[in-house]
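A.B. asks: what's the 3D shape of this:
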Amino acid sequence: MQRNQLVDDLTARVDEVLFYVWDPIGINDTPEARNEYESYVPKIVEALVSGADKTAIAGMLSAIEIESMEFDAATEHNTSVAELLIHWRDWLTLK
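C.D. replies: A predicted model of the protein is given here:
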């Protein structure tokens, strides 16, 4: 798969995972808030495309929670979300 196609596919998947699975502020049942986490997608996609591992991705999610949202990091949940994002990357790469 070409890099541009991978980036496009990952962008869609990361956006969905952040909203429906990660959702640290608990808004995934509110259609009006669908774009709430959109600004975090490009940085995470770039990290995934660059080969980041689950520790790095989970760290990025935790940093967002701490620095942008002023929440405590949900470390265990962030690790699970990172594993899901990496699974998507790996699956899309094999397509």
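
A.B. asks: could you give the mean pLDDT of the lengthiest helix in the chain?
C.D. replies: In the chain, with assignment by DSSP state H, the single longest helix is helix 75-94. Averaging pLDDT along helix 75-94 gives 97.

A.B. asks: In that helix, which residues are buried?
C.D. replies: Using 16 or more other CB atoms under 10 Å as the test for burial, helix 75-94 gives 77-79, 81-82, 84-86, 88-89, 92. The C-beta positions use only the backbone N, C-alpha and C, and glycine is treated the same way.

A.B. asks: Kindly report the same for stretch 6-24.
C.D. replies: 6-7, 9-11, 13-15, 17-19, 22-24.

A.B. asks: Name the pair among those residues with the greatest separation in space.
C.D. replies: Leu6 and Pro24 (26.1 Å; CB to CB).

A.B. asks: just to revisit the earlier point, tell me the one of the buried residues of helix 75-94 nearest Pro31?
C.D. replies: Val81 (21.3 Å).

A.B. asks: So which residues of the chain form strands?
C.D. replies: Secondary structure of the chain (DSSP state E): no strands located.

A.B. asks: returning to what we had before: okay, and which of the buried residues of stretch 6-24 map to helices?
C.D. replies: In this view, the buried residues of stretch 6-24 that belong to helices under DSSP H are 6-7, 9-11, 13-15, 17.

A.B. asks: out of those residues, who's nearest Glu65?
C.D. replies: Nearest to Glu65 among these, counting by CB to CB, is Val17 at 15.1 Å.

A.B. asks: Could you check the pLDDT of that closest one?
C.D. replies: Note for Val17: predicted pLDDT of 98.

A.B. asks: I'd assumed Glu83 was in contact with it.
C.D. replies: No. Using CB atoms under 8 Å, Val17 is not in contact with Glu83; the gap is 10.6 Å.

A.B. asks: tell me the contacts of Thr93?
C.D. replies: 1, 6 (CB atoms under 8 Å, 6 or more residues apart in numbering).

A.B. asks: From Glu32, how far out is it?
C.D. replies: Distance, Thr93 to Glu32, using CB to CB, to the nearest Å: 34 Å.

A.B. asks: I appreciate the help and will end here.
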